[in-house]
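Student: Sequence first, predicted coordinates after that:
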Amino acid sequence: MTRVHDGDGPLWCSNGVKVRIAGVQAPDFESASPCRAEDPRRLNYRCDNVAAKRSQQIVERLVLWKTLRCESTGKSYSRVVARCMLPDGRSLSCAAIAVGAAVRWDRYWRQYRMGECR
């Protein structure tokens, strides 16, 4: 990975692919499209620049300049939604939750059959 937008992606791969981390939701920057419009369906979004920056930095420490093994679960906008494994074999989704960069997004956790974190 060469760049991280925020705690749930997109993560930019060296080959140009943009990855959205499956099953989690991280704080969004206030300029993100879900934060700019009032919409009751978007109750899961936390719009907070300080929290989004913290989440981004945590995920950067987990993934930057490392090779991850990712399995696509679908598409979201122009990103691949993927279950990714860190080089040490841990789930990136579970690692992001464990260090406080993101929370489990139950609807998508079930949809993508994420399993349990160890």
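Tutor: Right, received. Where do you want to start?
Student: roughly how far apart are the residue of the chain most remote from its centre and Phe29?
Tutor: Using C-alpha atoms, centre = their mean, the residue of the chain lying farthest from its centre is Glu38. It sits 22.3 Å away. Taking C-beta to C-beta, to the nearest Å as the criterion, Glu38 is separated from Phe29 by 17 Å. Any C-beta I mention is one placed from the backbone N, CA and C, and that applies to glycine too.
Student: swap in Arg113?
Tutor: Using C-beta to C-beta, we find Arg113 at a distance of 29 Å from Phe29.
Student: So if I had to pick from the two, which one is more boxed in?
Tutor: Here Arg113 and Phe29 are set side by side on neighbour count (other C-beta atoms under 10 Å), and the busier one is Phe29, at 17 against 10.
Student: Any buried residues in the helix or strand of the chain with the lowest mean pLDDT, and which?
Tutor: Ranked by mean pLDDT, DSSP states H and E, the helix or strand of the chain with the weakest confidence is helix 33-36, at a mean of 78. Applying a neighbour-count criterion of 16 or more other C-beta atoms under 10 Å, the buried positions in helix 33-36 are Cys35.
Student: Counting by contacts, list what that helix packs against.
Tutor: Helices and strands touching helix 33-36, by 3 or more C-beta pairs under 8 Å, 6 or more residues apart in numbering; DSSP states H and E: there are none.
Student: I'd like the average pLDDT over the helix or strand following that helix.
Tutor: Later in the chain than helix 33-36, the nearest helix or strand by DSSP states H and E is helix 49-63. For helix 49-63, the per-residue pLDDT values average out at 97.
Student: For the helix or strand that helix 49-63 is followed by, give me every contacting residue.
Tutor: Moving toward the C-terminus from helix 49-63, the next helix or strand (DSSP H and E) is strand 69-76. Surrounding strand 69-76, the residues in contact under the criterion C-beta atoms under 8 Å, 6 or more residues apart in numbering are 19-20, 22, 80-85, 112.
Student: Let me have these in JSON lines, extended by distance to Asn49, pLDDT and secondary structure.
Tutor: Formatted as JSON lines, the contacts of strand 69-76 follow (distance: C-beta to C-beta, whole Å; pLDDT from 0 to 100; DSSP: H, G, I helix; E, B strand; the rest coil):
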{"residue": "Val19", "distance to Asn49": "23", "pLDDT": "96", "secondary structure": "strand"}
{"residue": "Arg20", "distance to Asn49": "20", "pLDDT": "95", "secondary structure": "strand"}
{"residue": "Ala22", "distance to Asn49": "25", "pLDDT": "94", "secondary structure": "coil"}
{"residue": "Val80", "distance to Asn49": "26", "pLDDT": "95", "secondary structure": "strand"}
{"residue": "Val81", "distance to Asn49": "24", "pLDDT": "95", "secondary structure": "strand"}
{"residue": "Ala82", "distance to Asn49": "26", "pLDDT": "95", "secondary structure": "strand"}
{"residue": "Arg83", "distance to Asn49": "28", "pLDDT": "94", "secondary structure": "strand"}
{"residue": "Cys84", "distance to Asn49": "25", "pLDDT": "95", "secondary structure": "strand"}
{"residue": "Met85", "distance to Asn49": "30", "pLDDT": "95", "secondary structure": "strand"}
{"residue": "Tyr112", "distance to Asn49": "28", "pLDDT": "81", "secondary structure": "coil"}
